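Peer 1: The following comprises the amino acid sequence and a computationally predicted model.
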Amino acid sequence: MKGKQNTKDIILQTATRLFQRQGYNGTGLNQIIEESGAPKGSIYYHFPNGKEEIAIEAISMMRKLVLEGAEKDLSGKSSAAEAFEYYLDNVAAIFDARECIDGLSIGLIASETAFTHERLRYSCEMVFKDFQTLYAGILMQYGFKRESAEELGITIAAMIEGACILSITYQNGNPIRRIAKQLSLLLKMNQE
């Protein structure tokens, strides 16, 4: 069973890297097979519904990684502004280490597939909603009222996703640092 799991992980990691670099539509199953070194039968064994299923699992994997990291980074600070500054500084550092930008950007895959692949669009929507819910919950832990926290949760998710796309393009974490400053001001203004 362990060998099967390793093969599945290798396929998923390879596909995630290719989706990030070439897009969903620019990545074919044959390329995933070739670059992962997995036998063709392994792809269909682990992902019977093909490339779309692989992409949905890649989205799910990124969701888990981002939520775990965010929850850890955003907890235990003295204020929401401090928590988000700390979290975003850690995210920016990932983009500064350019070889680490192989995770799948939810925004990029969402924009590429939203009108052509309903299951992928829905998966991306659910991830964005999970991010928004996490950010709103964190804000409520720091004393924000529910309505304000929910509105800010959407704002924060949009700011971070936009800054991540810019950071991919600029090949550094500076856009994320810039929104961290503005987000800090926004949170201080809304908490008063």
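Peer 2: Ah, there it is. Residues are numbered from 1 along each chain as shown.
Peer 1: can you pull the pLDDT of Lys40?
Peer 2: Per-residue confidence (pLDDT) for Lys40: 88.
Peer 1: Quick check: it touching Ile33?
Peer 2: Yes - in this structure, Lys40 is within contact of Ile33 by CB atoms under 8 Å, at 5.4 Å. No exception for glycine: its C-beta is placed from N, CA and C like everyone else's.
Peer 1: Among the two, which residue is more densely surrounded?
Peer 2: Neighbour comparison, Lys40 and Ile33: the larger count goes to Ile33, with 18 against 12 (by other CB atoms under 10 Å).
Peer 1: What are the contacting residues of whichever strand or helix holds Leu65?
Peer 2: Leu65 is located in helix 51-74, with elements delineated by DSSP states H and E. For helix 51-74, the surrounding residues in contact (CB atoms under 8 Å, 6 or more residues apart in numbering) are 11-12, 15-16, 19, 24, 27-29, 32, 43, 47, 83-84, 86-87, 90, 103-104, 106, 109, 113, 117, 119-120, 123-124, 126-127, 130-131, 134-135, 138.
Peer 1: Just give me the neighbour total for the nearest residue to His46 once chain neighbours are set aside.
Peer 2: Counting by CB to CB, 6 or more residues apart in numbering, His46 lies nearest to Lys8, which is 4.3 Å off, once chain neighbours are set aside. Applying other CB under 10 Å, we find 18 other residues in the vicinity of Lys8.
Peer 1: how distant is the helix holding Leu65 from the center of its chain?
Peer 2: 6 Å (CA atoms, centre = their mean, to the nearest Å).
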